[in-house]
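**Student:** Here's a sequence, model it:
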Amino acid sequence: IDMYVEGLFDLNELLMTYEIQPADKKEQHFANMMEKTEKRYFPVFEKVLKDHGKDFLVGNQLSRADIQLLEVILMIEEWKPDMFAKFPLLQSFRARMSNIPTIKKFLQPGSQRKPPSDEDAVDKVMKIFY
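**Tutor:** Got it, this is the predicted structure:
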């Protein structure tokens with residue numbers, strides 16, 4: 001489980017730092033993170049799901065790794081939904097996870113799930129941390 005979570009943290013960090021890139025670096029950062037997602041990270045998780053043959057990444061019950069993977073999938077889906085055409089098992093995984101009652105409720109409009117950051121939020125973060 002730890003190996004999957006660490007890999008997902010690495011990808012998540014790459015995705016989260018996109019918002020704080022200087023304007024002249026954003027396009028290159030975006031291209032880099034999409035390439036790594038499509039060619040390095042998602043193929044690994046597609047294979048894990050195929051080889052494991054279960055509904056979850058590890059064992060046969062929901063784990064932290066599943067939640068992390070769903071979070072990353074949702075982030076990528078906001079930026080590049082067509083990427084999932086190459087990853088049918090990740091598509092199925094997303095659908096299964098999104099139908100778990102508590103997750104389904106969390107994903108509904110008006111829930112606690114935060115929308116993508118707008119420029120004001122990014123400016124505030126930059127002033128606080130940088």
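
**Student:** going forward, measure contacts between C-alpha atoms and count neighbours the same way
**Tutor:** Will do.

**Student:** Please report the distance of the nearest residue to Ile73 once chain neighbours are set aside from Ile128.
**Tutor:** Using Cα to Cα, 6 or more residues apart in numbering and skipping residues adjacent in sequence, the residue nearest Ile73 is Arg94, 7.2 Å away. As judged by Cα to Cα, to the nearest Å, Arg94 and Ile128 stand 34 Å apart.

**Student:** how about the residue most central in space within the chain, what does it touch?
**Tutor:** Centroid check for the chain by Cα atoms, centre = their mean gives Val72 as the closest residue, at 0.6 Å. For Val72, the contact set (Cα atoms under 8 Å, 6 or more residues apart in numbering) comprises 8, 11-12.

**Student:** And Asp55, by the same measure?
**Tutor:** Taking Cα under 8 Å, 6+ apart, one finds 49, 61, 93, 96 in contact with Asp55.

**Student:** Other residues contacting the helix or strand that contains the third one?
**Tutor:** Spelled out, that is Phe93. Using DSSP states H and E, Phe93 maps to helix 88-98. Applying Cα under 8 Å, 6+ apart, the external contacts of helix 88-98 come out as 42, 45-46, 49-50, 55-56, 66, 70, 73, 84, 103-104, 107.

**Student:** if you look at the residues you listed, which of them are in helices?
**Tutor:** 42, 45-46, 49-50, 66, 70, 73, 103-104, 107 (DSSP state H).

**Student:** Alright, I will stop here.
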